[in-house]
Structures are given as structure tokens and as C-alpha cells.
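Novice: Return atomic coordinates for the entry below.
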Amino acid sequence: MSLLELKNVSKTYKNGVPVLKNINFTLEKKECIGLVGESGCGKSTLARCILQLESIDEGKILLNGTSLHDKNEKSLRPYRKNLQAVMQNPASSLNPKLKVHDSLLEPFRQYGKDAILKHFIYTNEKKFADQLMEAVELPRKLMDRYPHELSGGQKQRISIARSISIEPALIVLDEPTSSLDVLTQAAILKLLDDLREQLELSYLFISHDLSAVNMMSQQIMVMKEGSIVEQFAQENLFSEKRHSYTKQLISLFE
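Specialist: Take a look at the predicted model:
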């Protein structure tokens, strides 16, 4: 059984403009699928639909074989612990009034009693927070700081630590490095890749940066104007069989 399966998912905005058109794909456990496409093609809308932050008009979204798209908020709650996200702007996901220690523990305080931890050990909040900081390679002294006292890279590492704290089935990474400088981008991508291996995580990695998607993913999907125009194994990125639009994207990074 696939971890995530989308069947004929479509969505149209209220103004009548279709934003998702018949999306079909599966994501397996411990896999990273990259989704690449130009800004405005529907990538972030698809992410929000998978995370159940927006509704779909047609189709099915299944997590471990269970449909999510047709549940109300109360019945969705048991499944939310298995869906986490790391977004483009880390500052927006951290409460400016909370110290890092409390931001780190928010997901666990909300869903931890239902989480099945395989890689972290919970004995008390301090030791648990220490493990999370170590996992994202940050010094423990930062836990007493507020978000505005951290660099962009440090804030994104905190966001990553929050997302892995309850060891979710799927993490949606929506442009997680686009607001960072080049060196920090590379370090964050390496961290994410290492964590996927160490914690047996599954990612949907969304980006307009084909080079980042190529580095992170085993499978790559290319989106244009709300449709998946092709999907292929990462090693086949430079095949002559690629769609003309994919070749255009490749040319931007050569």
C-alpha cells in the first residue's frame, strides 16, 4: 500500500479558474518525490490540499489507504499527526511570542500522546527538546531565544525540528530553502536528506529550483498550469525522452 495516493484530484477557484487538473500520483514510504514547476503553476495549492488546509472539488486523497478529503475537522484530527509541513518562510511558522523551546514542543504537546516514536525517546520535555536540537544540529543554548534572535537558517532548522518531533508519516516541504542564501540552502538540503535516511521519513519536496529537486528526490514530477506533464525517476532527468517543458526548465540550470 502506498503512503500517499492522489486520484484524479482537481480544484477550481471561485472565479472559475482551474488550478489543479486531474492530478494522479503515489508516494511510497521512505521516498522523496520532487515537484517542480514555475511560480503560479499550482504547486503550493496542491500542498495545501494534501495537508487538508484546502478542499478539492474532485478526486481522492488517501494516506495509508484512508481517504482524507471527505473528512470533517474532528474526524481529521487523528490523521493530522501524520502530516507535517516545512514552508518557505520559517518566521511565519514560529510564534514570535514563544521561545524556541516552546515552539519546538508545540506539535508534540498537541499530538504527541497519539504519536508512535521510533527514533526519539520521550522522558521529559527538556530532554526531548535536547534531542530535537541535536537532530537539526543546533546548540541547546538557542532554546531560550525568541525567533527574531535567530538567523534565517536557524529558524528553518527549528521548523524542521518541529516537523520531525512527532515522526509523521509525511512531511510536505514547500519551497523550504527559497528564502535562504546559497550556502545555507545547501546545508538545509543536506540536513533534510540526512534526516530522511536516519528517521525513515517520506517527503513531498516542492520547489521551482530543479537543481534542488534533483538533489533531494528519487522521483520527479513536473507541473505546468495545474497539470502534471510528466513523472520520472531522478536518474532519467536528462533523458532525451523528457517533455519539452522539462527541457526548458533544465536549460535554466545548465
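
Novice: three-state assignment of residue 34?
Specialist: Three-state call for residue 34 (DSSP: H, G, I helix; E, B strand; the rest coil): strand.

Novice: Quick one: neighbours of it, just the number.
Specialist: By the criterion of other CB atoms under 10 Å, residue 34 has 26 neighbours. All C-beta spots, glycine's among them, are computed from the backbone N, C-alpha and C.

Novice: That one touches residue 207, doesn't it?
Specialist: Yes - using CB atoms under 8 Å, residue 34 makes contact with residue 207 at a distance of 7.0 Å.

Novice: Now the common contact residues for the two.
Specialist: Between them, residue 34 and residue 207 have residue 213 as joint contacts when contacts are counted by CB atoms under 8 Å, 6 or more residues apart in numbering.

Novice: could you dump the helix or strand hosting residue 105 to CSV, C-alpha only?
Specialist: Using DSSP states H and E, residue 105 maps to helix 100-111. In CSV, the C-alpha atoms belonging to helix 100-111 read as follows (Å, rounded to 0.1, in the frame of the first residue of the first chain):
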residue,chain,number,x,y,z
VAL,A,100,12.4,28.3,20.8
HIS,A,101,11.9,25.7,23.5
ASP,A,102,8.1,26.1,23.5
SER,A,103,7.9,26.4,19.7
LEU,A,104,9.8,23.1,19.4
LEU,A,105,7.3,21.3,21.6
GLU,A,106,4.0,22.7,20.1
PRO,A,107,3.4,19.7,17.8
PHE,A,108,4.3,17.2,20.5
ARG,A,109,2.1,18.8,23.1
GLN,A,110,-0.8,18.8,20.6
TYR,A,111,-0.4,15.3,19.1
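
Novice: counting contacts, what elements does that helix pack onto?
Specialist: Under the contact criterion of 3 or more CB pairs under 8 Å, 6 or more residues apart in numbering; DSSP states H and E, helix 100-111 touches helix 125-135, helix 152-164.

Novice: ranges for the helices of the stretch 101-250 of the chain?
Specialist: Assigned by DSSP state H, counting those that start in this stretch, the helices in the stretch 101-250 of the chain fall at 125-135, 152-164, 182-199, 210-216, 244-251.
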